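>>> give me a model of this one.
(one chain, ligands or ions: 1)
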Amino acid sequence: MKDFEKIYGKIKKMAPEHHFEFKNDPFWILITTILSQRTKDKTTDEAARALYNKYKDSYNLENADPDNIKKIIKNVGFSNVKSKRLIEVSKIINHDYSGEVPNNHDDLIKIPGVGSKTANIVLTQGYNIPAIAVDTHVFRISNRIGLVKTKDPDETEEALKKIIPLKYQIEFNPVFVEFGKSICKPVSPRCDICQLTECCDYYINNKKIKK
Ligand code: SF4
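Got it, this is the predicted structure:
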């Protein structure tokens, strides 16, 4: 079994620092994460900040005109669907949860458009509750290195839960995301500058093929 702590320590050193808009603000973390689906980080952050500046909270967002929201988030992927979704989500938070985003996975995933990854981002970045948020970077990197051997995000979440100590769970997702964007990229990973070549299955197997 791979030594997670050793590997994580190296990844953390290599990864640029991640800036989380709205850290410790569960509602805006939720809104930002919904906006982020199929959208670049910079575009997401700009749209979320513009929405925040105009609406500030779930009550104002619930009563917003969807066309105005759509205009503000026009550069985000699926802006039409998301503008309506943001109003729907705000309504649920206001009416079913008295304006407070739930702080548990079971209730979070009942909200439309909220899957396990989004729920776990809200828990970790909004509430500082340990959880395993598996996005495309976490899935790819964990499997490449050989920390897990899994077929989908749900399986990855379960497998990583067993090997990532609670004390790393809040920050590991942003660290993996930055490592995935800068070094262990989806296409052409930068193995030439990576410090994990000795223990990474992907590198070891590809090297063997080349020999
Ligand atoms: S050695 Fe290559 S594939 Fe392995 S973690 Fe580093 S960049 Fe990714």
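
>>> drop to CA atoms for contacts and neighbour counts, all remaining ones
Will do.

>>> low-confidence ranges, the chain, go.
For the chain, the stretches with pLDDT under 70 are 208-211.

>>> how is it divided into domains?
Domain segmentation of the chain under automatic domain parsing yields 4-17+133-210, 26-127.

>>> which of those domains sits most buried?
Per residue and on average, the most neighbours among the domains of the chain fall to domain 26-127, with a mean of 19 (mean count of other C-alpha atoms under 10 Å).

>>> end-to-end on it?
7 Å (C-alpha to C-alpha, to the nearest Å).

>>> how far off centre is that domain?
Average the C-alpha atoms of domain 26-127, do the same for its chain, and the two points are 14 Å apart (C-alpha atoms, centre = their mean, to the nearest Å).

>>> is it true that residue 161 touches residue 132?
Yes: if you go by C-alpha atoms under 8 Å, residue 161 and residue 132 touch, sitting 6.5 Å apart.

>>> that older thread, dump the domains of the chain to JSON lines, plus distance to the ligand.
Formatted as JSON lines, these follow (distance: least, C-alpha to the nearest ligand atom, whole Å):
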{"stretch": "domain 4-17+133-210", "distance to the ligand": "4"}
{"stretch": "domain 26-127", "distance to the ligand": "21"}
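
>>> so which residues of this protein form helices?
For the chain, applying DSSP state H gives helices covering 4-14, 26-36, 41-55, 58-62, 66-72, 79-96, 105-108, 116-121, 127, 136-145, 153-163, 166-182, 201-210.

>>> those helices into a markdown table, with extra columns for distance to residue 192?
Converted to a markdown table, the helices of the chain look like this (distance: least, C-alpha to C-alpha, whole Å):
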| stretch | distance to residue 192 |
| --- | --- |
| helix 4-14 | 13 |
| helix 26-36 | 30 |
| helix 41-55 | 26 |
| helix 58-62 | 46 |
| helix 66-72 | 41 |
| helix 79-96 | 38 |
| helix 105-108 | 39 |
| helix 116-121 | 31 |
| helix 127 | 37 |
| helix 136-145 | 15 |
| helix 153-163 | 26 |
| helix 166-182 | 13 |
| helix 201-210 | 10 |
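
>>> tell me which of the ones you listed sits nearest to residue 194.
Evaluated with C-alpha to C-alpha, the helices of the chain place helix 4-14 nearest to residue 194, the distance being 7.8 Å.
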